[in-house]
Structure formats: structure tokens, C-alpha cells
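Peer 1: fold the following.
(one chain, ligands or ions: 3)
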Amino acid sequence: MRDGSSGNLLITNVTLFDPAEGILGGEGPLLVKDGRIAPAGTPIPSGTPELDGRGGVLCPGFVDLHAHFREPGFEYKETIASGSRAAAAGGFTSVCVMANTSPVNDNDAITRAILDRAREVNLVRVFPIGAVTRGLEGQELTEMGALASAGCVAFSDDGRPVSTALMMRRALEYSRIFGRPVIDHCEDLVLSNRGVMNEGSVSAELGLAGIPNASEEVSIARDLSVLELAGGRLHVAHLSTAGGVRLVREAKRRHLPVTAETCPHYFALTDEAVLCHGTHAKMNPPLRREEDRLAVIEGLKDGTIDVIATDHAPHASHEKEQEFDRAPFGIIGLETAFSLSLELVREGALTFSELIYRLSTRPAELFGLPRGCLRTGGLADLVLLDLSGEWEAGRPGYRSKSRNSPFTGRRMKGRVAATIVGGRVVFSEDRS
Ligand SMILES: NC(=O)N[C@@H](CC(=O)O)C(=O)O
Ligand SMILES: [Zn+2]
Ligand SMILES: [Zn+2]
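Peer 2: Ligands and ions are numbered 1, 2, ... in the order given. Predicted coordinates for the structure are as follows:
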């Protein structure tokens, strides 16, 4: 296996799969020329590097609408380079990165610096998300026009909810002008009341302060009312509750311009995981009860939840190795997202096509990124999947700088064999 530095690549011995089309023409090969998918029958330029797909399935590369790369400011947790390596290993060819860095991505100079660094790293495509308010402080709107022109694909104060209903109204009104969605971390902080895990029998048993489901639901309900008033586009981040799924479902029925994401941990785990994984099962929103987990899966099935995002939130070991109350919220997710999601297919909850749609085609569509399909002439951002390959999460290590995951040691079936960005192999399992 060799890298195609020219953006030319011949991928052989693969089944091509596109969610919109299903299986395309059996066993490849697929030719990539100048970083794009070449029409069938194109003569193969001499010297084109070859990637033997070994019978794997070649799909459009995954697109993560929600990750935290921590640069600038918290490079000890993750950098754009280490985050990009983790993304590539997880099959993600595009990653949208949140604004809660230091300084915050609330002005075009920071956006440009992130893009410049991502270009130097030159692994996956990085799309910055601009802050809604300066410094994420909830007081003053950012200059969304300047952020959008610099390359921000959406706006969010993630880490925190958009501060007030009025701020949400203004954010939707302005972002609408630039055709970009507002992503909200839906949480009523007053109701959360400094809770550290889901409010329920497990928090009671552990004597930890709880965050009720209503904390998410109240906030979603607020945003939906404001959306109806202001127009624009609302994207609900990391949906975790049955009530939240119900609210988004009803809003979609009324044709409100709302979309939603969930993350693998909300359909793979419940708050019981806190008992064995401690702070590695601490994230915001918290892991919920079984009925919420099932509602999230139902939401993915019926399209209420548009996409699976990772909310990849790296934190250093010394931060996670504190008392539960004090440890920061968040877990890494880029390297385990696909294998965890594939469990839904194996359980019969989603079809393989639905899964790839929610990891690739649909997220690309939501943020207007021209990828997520295997169209002739389209960008050759691809992932090669080995559906039967078995592995153990986090062994021998993660590409991420951090290792805060409750999934470490979990036996997984189905893995990313290679990741290709613009015809260049940026990850391959036998070179790891
Ligand atoms: N999800 C988390 O638990 N943590 C995120 C913030 C966020 O996504 O709200 C982080 O930045 O660490
Ligand atoms: Zn959040
Ligand atoms: Zn987040």
C-alpha cells in the first residue's frame, strides 16, 4: 500500500457503496484522478499508486459535525494534528471543530489560524465552527459575517447553551443571512444546578448531584419556540433524552427548520456505565436511562435524529483522574464512532445504508459540504471498511492525545481499514 501524493489512486478489490445508490457495480476498481472520482473506463495514468481494498466496502468518508480539537489553547489535550490523526483513524475525512478553544474562535483571525494549521497538518478537512457570542460569554453576538467569510460553517457556543431566548433569536436572525445553522448545546443551566451526572437511581446511589432530562428538554423547547419566531436553522447538538427526541420529532412534523445529532455513547451506554467507568463516563449531556437510549435509537431510525456526531472531547489524564465532581465533562470519540455505530446494524436497529447516510451523506448535506457521496467527479474523500475485522478499542493506543473513553478495552467487530482524502491515503490499518 502506498500513498498517492499526486491525488491519483487506484482502489482495487472493493465493493463500492453509496447510501443513495446502494451497492455500485460490485467489485471496484475505483480510479481517483487529481483528487476526484474518475468516470468508469478512464485510462489509468502510469505510475498511479494502488490500494488493495482486500474485499472491503468503500464508502464516502465520514463527516463529523461536532468535535473539539482544543487548539489554540489546550494543546496538552489535543492539537489539530493529533485530532486529525484520530479522525483519519476513525474514517472521518471532514471534521467540524467547536469554538471553545482559548482564545475562543469568535473572530476571523482565529478562524484563519485554525484553517492555516489544518492545511499544514494536511490530513483531514477541518471546518471551524464560529462562536455565537464573544468569548462564549453569552453577552454580545460575534461578527458572524466575518466568521462566515473566513470559513466558519456554523455557529455555536457549545460547552454552554446559547445564553438566553433573545440571544438565540438574534443568532438565528443573523446566521440566516449567511445561510449557516446555529448549533445549540441544549441545557437549562439553572435546572442542571451544577449536576454532574444523570439524575436517577444511579446518581442517588452514588450520592452525586443529578442533571434531570428536563434540563435538555426545557432548552430544546425554548429554542424551537424561538426558531418559529425568528426563522433560520437550528441544529440540536448531542441529543440524549427521550423527551428531546419527541420534541424534535414534533417540530419536524410541523416542518420547522430543525435538525439534530446524537453521539455513539448515547445509544451504546446508560448512566449505569458511571458505576464501572467513573469519570470516563462523565460527559455533558450525561448518559441517561435505558428508555432514553432506546428513544435515541428510534430517533435515528425514523430520521428525527439526522446524524451521528462524535462530540470528541479530549481531556488529559490528570484532569479525569480527579473526584467525579471535579473532573471535566467529555470523552473522546473519533476512533470508536464507526465500530460502535455498526453495532446498531448488527442488532438490526439500522440498515448499513442508514448508518452510512447518518455518518456521511446527511452531515455533509446539513452544513453544505460538497461531499458524502461516491459521484463521478466528486471529491475522493473515502473510507474503506472491513466489516468483519475484530479489534479492541484503545489497544495498543489512541491517535488522540487523550484517552478519556469508557470504551477502552471493548471488543469491536468492524473497523476502518483505510481513509482517503482527495485521493490520498491518510490512514491505513497496516501502517499504524
Ligand atoms: N461534551 C462534553 O462533555 N464536553 C465538551 C463540551 C460540550 O460538548 O458541551 C468539551 O468541550 O469538553
Ligand atoms: Zn455541548
Ligand atoms: Zn461538544
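Peer 1: and the residue of the chain most remote from its centre, how far from E71?
Peer 2: The C-alpha centroid of the chain is most remote from S46, which lies 37.6 Å away (Cα atoms, centre = their mean). Going from S46 to E71 by Cβ to Cβ, to the nearest Å gives 40 Å. For glycine as for every other residue, the C-beta is placed from the backbone atoms N, C-alpha and C.
Peer 1: kindly report the same for E187.
Peer 2: E187 is 25 Å from E71, by Cβ to Cβ.
Peer 1: please apply the same query to R326.
Peer 2: 24 Å.
Peer 1: who's more crowded, those two?
Peer 2: E71 (22 against 9; other Cβ atoms under 10 Å).
Peer 1: list phi and psi for that one.
Peer 2: Note on E71: its backbone torsions stand at phi -110, psi 130 [degrees, to the nearest 10].
Peer 1: please give me every residue in contact with it.
Peer 2: E71 makes contact with E78, T79, I80, G83, T101, I114, R117, according to Cβ atoms under 8 Å, 6 or more residues apart in numbering.
Peer 1: do you know how far it is from ligand 1?
Peer 2: 13 Å (Cβ to the nearest ligand atom, to the nearest Å).
Peer 1: look up how far A88 lies from that residue.
Peer 2: For E71, the distance to A88 equals 16 Å [Cβ to Cβ].
Peer 1: how about T336?
Peer 2: In this view, T336 and A88 are 14 Å apart by Cβ to Cβ.
Peer 1: repeat that for H315.
Peer 2: 21 Å.
Peer 1: then R253?
Peer 2: With Cβ to Cβ as the criterion, R253 and A88 are 38 Å apart.
Peer 1: between these two, who's got more neighbours?
Peer 2: A88 (27 against 9).
Peer 1: spatially nearest residue to that one, not counting backbone neighbours?
Peer 2: Excluding the flanking residues, the one nearest A88 by Cβ to Cβ, 6 or more residues apart in numbering is F427, at 3.9 Å.
Peer 1: the one you found against V416, yeah?
Peer 2: Yes. Counting by Cβ atoms under 8 Å, F427 does reach V416; the two are 7.0 Å apart.
Peer 1: can you list residues touching both of the two?
Peer 2: Joint contacts of F427 and V416 (Cβ under 8 Å, 6+ apart) are A89, G91.
Peer 1: touching, P39 and R375? I think so.
Peer 2: No. With contacts counted by Cβ under 8 Å, P39 stays clear of R375, the gap being 10.4 Å.
Peer 1: with neighbour numbers in mind, choose between these two.
Peer 2: With neighbours defined as other Cβ under 10 Å, P39 and R375 compare such that R375 has more, 15 against 10.
Peer 1: nearest residue to the more buried one in space, ignoring adjacent ones along the chain?
Peer 2: The nearest residue in space to R375 (Cβ to Cβ, 6+ apart) is I37, at 6.6 Å.
Peer 1: over to P103?
Peer 2: I110 (5.9 Å).
Peer 1: and that neighbour, backbone torsions?
Peer 2: Main-chain torsions, I110, degrees, to the nearest 10: phi -70, psi -40.
Peer 1: do the same with D311
Peer 2: Residue torsions, per degrees, to the nearest 10, at D311 are phi 50, psi 40.
Peer 1: how about the residues of the protein by ligand 1?
Peer 2: H68, N100, D158, G159, H185, M283, N284, D311, A313, P328, F329, G330 (Cβ under 6 Å from any ligand atom).
Peer 1: considering the residues you listed, which possesses the most neighbours?
Peer 2: Of the residues of the chain next to ligand 1, with other Cβ under 10 Å as the count, D311 tops at 30 neighbours.
Peer 1: I figured that residue was touching M283, is that so?
Peer 2: Yes. Between D311 and M283 a contact is recorded at 7.2 Å, counting by Cβ under 8 Å.
Peer 1: need the residues touching each of those two.
Peer 2: G330, I331.
Peer 1: domain map for the protein?
Peer 2: Following automatic domain parsing, one finds the domains of the chain at 9-58+378-390+411-431, 62-366.
Peer 1: quick check, the residue in the stretch 151-300 of the chain closest to ligand 3?
Peer 2: D158 (4.5 Å; Cβ to the ion).
Peer 1: let's verify that residue: helix, strand, or coil?
Peer 2: coil (DSSP: H, G, I helix; E, B strand; the rest coil).
Peer 1: surely it meets C96?
Peer 2: No. The criterion here is Cβ under 8 Å, and D158 misses it with C96 at 10.4 Å.
Peer 1: what is in contact with those two at once?
Peer 2: Between them, D158 and C96 share the contacting residues H66, I129, judged by Cβ under 8 Å, 6+ apart.
Peer 1: that's a helix at R169, yeah?
Peer 2: Yes. The assignment for R169 by three-state DSSP puts it in a helix.
Peer 1: next, the contact list for the residue of the stretch 301-432 of the chain found nearest ligand 2, please.
Peer 2: Among the residues of the stretch 301-432 of the chain, D311 lies closest to ligand 2, at 6.6 Å counting by Cβ to the ion. By Cβ under 8 Å, 6+ apart, D311 lies in contact with H66, A67, H68, A237, H238, C263, M283, G330, I331, G333.
Peer 1: next: V345.
Peer 2: Contacts of V345 by Cβ under 8 Å, 6+ apart are T351, F352, L355.
Peer 1: repeat that for 10 Å
Peer 2: Listed by Cβ atoms under 10 Å, 6 or more residues apart in numbering, the contact partners of V345 are T351, F352, S353, E354, L355, I356, L387, G414.
Peer 1: regarding this structure, what is its longest helix?
Peer 2: helix 213-230 (DSSP state H).
Peer 1: so does that one get close to ligand 2?
Peer 2: No. Judged by Cβ under 5 Å from the ion, helix 213-230 and ligand 2 are separated, with a smallest distance of 10.5 Å.
Peer 1: in the stretch 51-200 of the chain, what spans have low per-residue confidence?
Peer 2: Of all residues in the stretch 51-200 of the chain, none has pLDDT under 70.
Peer 1: near ligand 3, which residues of the protein?
Peer 2: D158, D311.
Peer 1: does stretch 180-187 reach ligand 2?
Peer 2: Yes. With Cβ under 5 Å from the ion as the measure, stretch 180-187 is seen reaching ligand 2 through H185.
Peer 1: endpoints of stretch 355-365, how far apart?
Peer 2: When the termini of stretch 355-365 are compared using Cα to Cα, to the nearest Å, they are 15 Å apart.
Peer 1: that concludes my questions; thank you for your assistance.
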